[in-house]
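Colleague: Okay, structure incoming, though there's no sequence with it:
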């Protein structure tokens, strides 16, 4: 069928999960198309009856809006929806939404803080995470140990790790004293614990790690640890353009007004005690 698409691509757009997560659901036998168990590689259209865990997926109803959040993750939170050990998860702080679900764009380990993106569009999440999209991530990292120019050259040229060659596309010194030094480093992939493993391969330890940028988006200082902010239409569309993807659903309108309201509310909370007004300088 000319208008058919891969099943995981269709379901990813509904917000059920990323393509990778949906492939796992298919392998576990939790997805049906027209009453038949789905397999990897199946194709479908919006007219087909698709079920996940026995529940019908209303494709059109679940594509009403595309939303994206920026979240400032604290250390100690994990990037799964639930945890058998009872540890806090990043999803617990996010706003509740009806008929959709938040999908994390990549992960940060429990000891890493900083910028996380969440979206309701699984296809957008998949493109942003996929290595072929070449979306860079920047981190502020504090390392303990002696760092010399030869080490930095190796980290830029590439180091063989257990899962292949990895490297920083950029390293910039950011100060520090003694054996504690800060650097800004940039990666084009998001392998598990890649920043830490690269530094550890050189015999130095990472004592602090924070993601400060994802693609063109910097983590704004106004978003405090544990807080989120919803992106406006302009920034969301920029993300789609970055990965050469056309939105299949409209980007939520009126987000800019909500952002202004959020900022005003936060300012009210953090204002210092009232003092006598000062006259502006002449």
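Modeller: In hand now; what should we look at? All values reported here derive from a predicted model rather than from experimental measurement. Numbering: from 1, shown residues only.

Colleague: Would you map out the domains in this structure?
Modeller: 5-63, 68-131+217-252, 136-214 (automatic domain parsing).

Colleague: Dump those domains into CSV; add mean neighbour count and mean pLDDT as well.
Modeller: C-beta here means a position set from N, CA and C on the backbone, and glycine is covered the same way. Rendered in CSV, the data for the domains of the chain read as follows (neighbours: other C-beta atoms under 10 Å; pLDDT from 0 to 100):
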stretch, mean neighbour count, mean pLDDT
domain 5-63, 17, 83
domain 68-131+217-252, 17, 90
domain 136-214, 16, 91
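
Colleague: Could you tell me the end-to-end distance of stretch 154-174?
Modeller: By C-alpha to C-alpha, to the nearest Å, the extent of stretch 154-174 from end to end equals 19 Å.

Colleague: Provide the contact partners of that stretch at residue level.
Modeller: With contacts defined as C-beta atoms under 8 Å, 6 or more residues apart in numbering, stretch 154-174 is touched by 136, 138, 140, 152, 181-189, 191, 194, 197-199, 201-202.

Colleague: switch to 7 Å and redo it
Modeller: Residues outside stretch 154-174 that contact it (C-beta atoms under 7 Å, 6 or more residues apart in numbering) are 136, 140, 152, 182-188, 191, 194, 197-198, 201-202.

Colleague: go on, stretch 203-215?
Modeller: 108, 112-115, 117, 135-145, 147, 195-196, 199, 218-219, 239, 242.

Colleague: just how off-centre is the host helix or strand of residue 211 within its chain?
Modeller: Take DSSP states H and E as the rule and residue 211 turns out to sit in strand 205-214. Relative to the centre of its chain, strand 205-214 is centred 14 Å away, using C-alpha atoms, centre = their mean, to the nearest Å.

Colleague: for the helix or strand where residue 11 lies, packing partners?
Modeller: Assigned by DSSP H and E, residue 11 falls within helix 7-14. On a contact count with 3 or more C-beta pairs under 7 Å, 6 or more residues apart in numbering; DSSP states H and E, helix 7-14 meets helix 19-27, strand 43-44, helix 122-129.

Colleague: Okay, helices next: where are they in the protein?
Modeller: Assigned by DSSP state H, the chain shows helices spanning 7-14, 19-27, 122-129, 149-157, 194-200, 233-242, 255-270.
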